[in-house]
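Enquirer: Generate a structure from the sequence data that follows.
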Amino acid sequence: MMKHMGENDMEEKKKGYKKAGVSLGTVAGVAIVATLLILTGPTPRIVNEDGVWQVIWEGNLASAAENDPGAGASGFLQIFFINHTATPVDAYDENTSATLETWCTANMPGKTPYASADEFNVEIDHSTTFDILVRVRFNQTHAHNGTAFVDSDTRVNITCSGDLSIADATGTNVVSYNNSGSDFIWINVYWNNGGAGYSINKDETFYVDEISIEAKF
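Expert: You can find the predicted model right below:
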């Protein structure tokens, strides 16, 4: 399996990084459409709060295959409505975003069920089981203990509303690349409805109201 090796590739004061208004509805009775709006802009970081979850996203999103949070910055890379798997801990250690994209499109042929930029239109098939996967990276300031990266000091929370309801739920981390000397640790965070996966019926709608990327440092 090819691994991406590149560097680009608070509860106090929540939430700093928000994706608002991800609206999903049917298209000609066949697919789901999502419009992703990301509220950009830096979020002040609370300092001297060791042991407390802090929102750490900083920077603006770029229109790219994989978002770049900015030079040296922790943050959001991409969201995937990916094919449901019974072995997520094994499957989601993939560190190449393009490979994750192909899994999405294989599950929903003719659709593009992933996004990295604001106002991104996404089509998702109804009656098709999927997991939600958010790809992030954390730098040494936010996730390194001086010797090694500590992924348990990081988390991503998601809130969805409408016909798919998720209330500020913490996803499960799967580390996709970890080298103690690297500038970043890359993590894929998933939600899979307790192992059953998610699906949307025809004519249903849901919204991704918020994603919060946080760390203890």
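Enquirer: Name the helix or strand of the protein that has the lowest mean pLDDT.
Expert: When each helix and strand of the chain is scored by mean pLDDT, DSSP states H and E, strand 31-39 comes last, with a mean of 36.
Enquirer: residues near the residue nearest to residue 156 when sequence neighbours are not counted, how many?
Expert: Take residue 156 and drop its neighbours on the chain: the residue closest to it by C-beta to C-beta, 6 or more residues apart in numbering is residue 189, 4.2 Å away. Placement of C-beta: from N, CA and C, glycine included. Counted by other C-beta atoms under 10 Å, the residues lying close to residue 189 total 24.
Enquirer: now for the helix or strand hosting residue 189, which elements pack on it?
Expert: Following DSSP states H and E, one finds residue 189 within strand 184-191. Judged by 3 or more C-beta pairs under 8 Å, 6 or more residues apart in numbering; DSSP states H and E, the packing partners of strand 184-191 are strand 130-139, strand 154-162, strand 172-177.
Enquirer: Indicate which one of those strands is closest to residue 185.
Expert: Among the helices and strands packed on strand 184-191, the nearest to residue 185 by C-beta to C-beta is strand 130-139 (5.4 Å).
Enquirer: which residues touch the very next helix or strand once past the closest one?
Expert: Downstream of strand 130-139, the first helix or strand assigned by DSSP H and E is helix 140-143. Applying C-beta atoms under 8 Å, 6 or more residues apart in numbering, the contact partners of helix 140-143 are 56, 74, 149-151, 153-154, 183-185, 215, 217.
Enquirer: how about a cut-off of 7 Å?
Expert: Residues outside helix 140-143 that contact it (C-beta atoms under 7 Å, 6 or more residues apart in numbering): 56, 74, 149-151, 153-154, 183, 185, 215, 217.
Enquirer: now, among these, which is nearest to residue 83?
Expert: Closest to residue 83, out of all of the contacts of helix 140-143 and judged by C-beta to C-beta, is residue 151, at 23.6 Å.
Enquirer: burial count for that closest one?
Expert: Counted with other C-beta under 10 Å, residue 151 comes out at 18.
Enquirer: Please verify my assumption that it contacts residue 185.
Expert: Yes: at 6.2 Å, residue 151 counts as touching residue 185 under the criterion of C-beta atoms under 7 Å.
Enquirer: Give me the common contacts of the two.
Expert: Residues touching both residue 151 and residue 185 (C-beta under 7 Å, 6+ apart): 143, 175.
Enquirer: Would you mind listing the buried residues in the longest helix anywhere in the chain?
Expert: Across the chain, the longest stretch assigned as helix under DSSP state H is helix 97-107. For helix 97-107, a neighbour-count test (16 or more other C-beta atoms under 10 Å) marks 97, 100-101, 103-104, 107 as buried.
Enquirer: Restrict whichever helix or strand residue 207 is part of to CA atoms and write it as CSV.
Expert: Using DSSP H and E, residue 207 maps to strand 206-215. Only the C-alpha atoms of strand 206-215 are listed here, as CSV (Å, rounded to 0.1, in the frame of the first residue of the first chain):
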residue,chain,number,x,y,z
PHE,A,206,-29.1,16.2,6.7
TYR,A,207,-26.6,18.9,7.6
VAL,A,208,-23.0,18.7,8.8
ASP,A,209,-23.3,21.6,11.3
GLU,A,210,-19.9,21.6,12.8
ILE,A,211,-16.5,19.9,12.9
SER,A,212,-14.2,20.7,15.8
ILE,A,213,-10.5,19.8,15.7
GLU,A,214,-9.0,19.7,19.2
ALA,A,215,-5.9,18.8,21.1
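Enquirer: With that, I have no additional questions.
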